[in-house]
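Chemist: dropping the sequence and predicted coords here.
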Amino acid sequence: LTAGYYYFKRESDGRADRDFVIDTDDGGTIEFNAGVEVEAHFDWTLVPITWAYSFYKTEDLEVASILGLHWADIGIGFAGRANVNGSPVLSFVDESESLLAPLPVIGLRLDHALNDRWVVGGHAQVFSLTYDDYSGNLIDVRIQGEYWITDNVSLGLGYTWYNVDITKRSGGFSVGADYR
C-alpha cells in the first residue's frame, strides 16, 4: 500500500486569439472577445493511494499490478474583461470551476535488484474518462533507484512524470488544460 501528496499551481496570462464563451452555474454566459487580455489559473491537489499485487517474483526481479484511487481536487479559471449575459462589464470578471473526485487508476510496477544493496525500478499508471462534454486522462510514470543501508532502511531517489489532460467540448470549440 502506498500513498502520496502532490500540489501544483500554475498561472498565466495572454491575449485571447478568438472569442470564447464560458457557461456559468446559474445558466448565464461569460464571453471573452478575441484580443482581450485573459488570465488563467490551474490548481491541482492530488492524493494517490494505490495497492500493488506481485504476480511475478524471482530473487532479482519483481513485477506487480497496481490498482488504486487518486483523489483529485482540480480547479481551473479565467479572468479578464468580458461580456456577461450579452452585456459588457467594465470591471474584471473571474469565473472558476472545480472538481473533487476519486479517479481510479490501473498500472504496472517493476523492480530489479542489481545486487544485495541496489534496486532500480519504476511504475506506470493510467486513467482515462469521457463523460458528456468532458474528456480527460491521467498518466503517472516513475523511475527510481534505492540503496539499502540495512535490511530495513534504504535511501532512494526517483523522478515522476505526471500528465493530466482535461478538455470540455461545447459546440465547435474545446477548452482544456494539459498539465505536465
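Modeler: Good, I have the coordinates.
Chemist: going forward, measure contacts and count neighbours with C-alpha atoms only.
Modeler: Will do.
Chemist: just give the number of residues close to the closest residue in space to residue 154 that isn't next to it in sequence.
Modeler: Spatially, and ignoring its direct neighbours in sequence, residue 154 is nearest to residue 148 (4.0 Å; Cα to Cα, 6 or more residues apart in numbering). Residue 148 has 14 neighbouring residues, counting by other Cα atoms under 10 Å.
Chemist: show the residue spans covered by the strands in the protein.
Modeler: 2-3, 6-15, 20-23, 29-32, 37-57, 61-80, 83-84, 87-88, 93-113, 118-131, 134-148, 154-170, 173-179 (DSSP state E).
Chemist: measure the residue nearest to residue 154 to residue 156 for me?
Modeler: 9 Å (Cα to Cα, to the nearest Å).
Chemist: one step back: how about JSON lines for the strands of the chain, with mean pLDDT added?
Modeler: Below are these laid out as JSON lines (pLDDT from 0 to 100):
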{"stretch": "strand 2-3", "mean pLDDT": "87"}
{"stretch": "strand 6-15", "mean pLDDT": "84"}
{"stretch": "strand 20-23", "mean pLDDT": "73"}
{"stretch": "strand 29-32", "mean pLDDT": "76"}
{"stretch": "strand 37-57", "mean pLDDT": "88"}
{"stretch": "strand 61-80", "mean pLDDT": "86"}
{"stretch": "strand 83-84", "mean pLDDT": "66"}
{"stretch": "strand 87-88", "mean pLDDT": "66"}
{"stretch": "strand 93-113", "mean pLDDT": "82"}
{"stretch": "strand 118-131", "mean pLDDT": "90"}
{"stretch": "strand 134-148", "mean pLDDT": "89"}
{"stretch": "strand 154-170", "mean pLDDT": "83"}
{"stretch": "strand 173-179", "mean pLDDT": "53"}
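Chemist: pick the most buried one from those.
Modeler: Of all those, strand 29-32 has the most neighbours on average by mean count of other Cα atoms under 10 Å, namely a mean of 20.
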